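J.: Pasting a predicted model and its sequence here:
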Amino acid sequence: MTKQDLVNSASNVASVTKKAAAEVLDAVLAHITKSLKRGESVTITGFGTFRVSKRQARTGVNPRNPSQKIKIPAMKLPAFKAGKSLKDAVR
């Protein structure tokens, strides 16, 4: 399912225009992104939690030259943990 498929489905279910549904979806995604940038988690009850995961710095191997070691810096990554209702619906 693509973003456009979500917009089409939401516009049909909510009886609104596709433009309005797209604006709402864009606003929700923008707010989730802003919250994650600030390091906050976003919980949607019954669906799941978006959070920021931290990955430690580590040493890796250059795939083009396996004898060469490279440093991989620490970074923050977005993560999602599904809620119980979503898990049960998928099962």
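T.: Done, it's in. Numbering: from 1, shown residues only.

J.: How is the chain partitioned into domains?
T.: What automatic domain parsing lists as the domains of the chain is 1-38, 41-91.

J.: May I have the phi/psi pair for the residue lying farthest from the centre of the chain?
T.: Centroid-distance maximum for the chain: residue 67 at 35.3 Å, with CA atoms, centre = their mean. Here is the backbone geometry of residue 67 (degrees, to the nearest 10): phi -80, psi -10.

J.: And residue 64, by the same measure?
T.: Dihedral pair for residue 64: phi -80, psi -30, per degrees, to the nearest 10.

J.: Same check on residue 56?
T.: phi -70, psi 160.

J.: Quick check: chain neighbours aside, which residue is closest to it?
T.: residue 74 (5.6 Å; CB to CB, 6 or more residues apart in numbering). Backbone N, C-alpha and C define where each C-beta goes, glycine included.

J.: My guess is the one you found contacts residue 53. True?
T.: No - under the criterion of CB atoms under 8 Å, residue 74 makes no contact with residue 53, lying 11.5 Å away.

J.: Show the contacting residues for residue 54.
T.: If you count contacts by CB atoms under 8 Å, 6 or more residues apart in numbering, residue 54 has them with 74, 75, 76, 77.

J.: which stretch of helix or strand covers the last one?
T.: When elements are assigned from DSSP states H and E, residue 77 belongs to strand 75-82.

J.: so for the helix or strand just after that strand, what's the average pLDDT?
T.: Downstream of strand 75-82, the next assigned helix or strand under DSSP H and E is helix 84-90. Average pLDDT, helix 84-90: 94.

J.: I'd like the numbering to begin with 4 instead of 1 from here.
T.: With the count now opening at 4, the last piece we talked about shows up as helix 87-93.

J.: Just give the number of residues close to residue 91.
T.: 9 (other CB atoms under 10 Å).

J.: list the contacts for it?
T.: Contacts of residue 91 (CB under 8 Å, 6+ apart): none.

J.: any idea how far it lies from residue 51?
T.: Look at residue 91 and residue 51: by CB to CB, to the nearest Å, they are 12 Å apart.

J.: Please identify which helix or strand holds the residue nearest to residue 72 when sequence neighbours are not counted.
T.: The shortest distance from residue 72 to any non-neighbouring residue, by CB to CB, 6+ apart, is to residue 62 (5.5 Å). Assessed by DSSP H and E, residue 62 sits inside strand 61-64.
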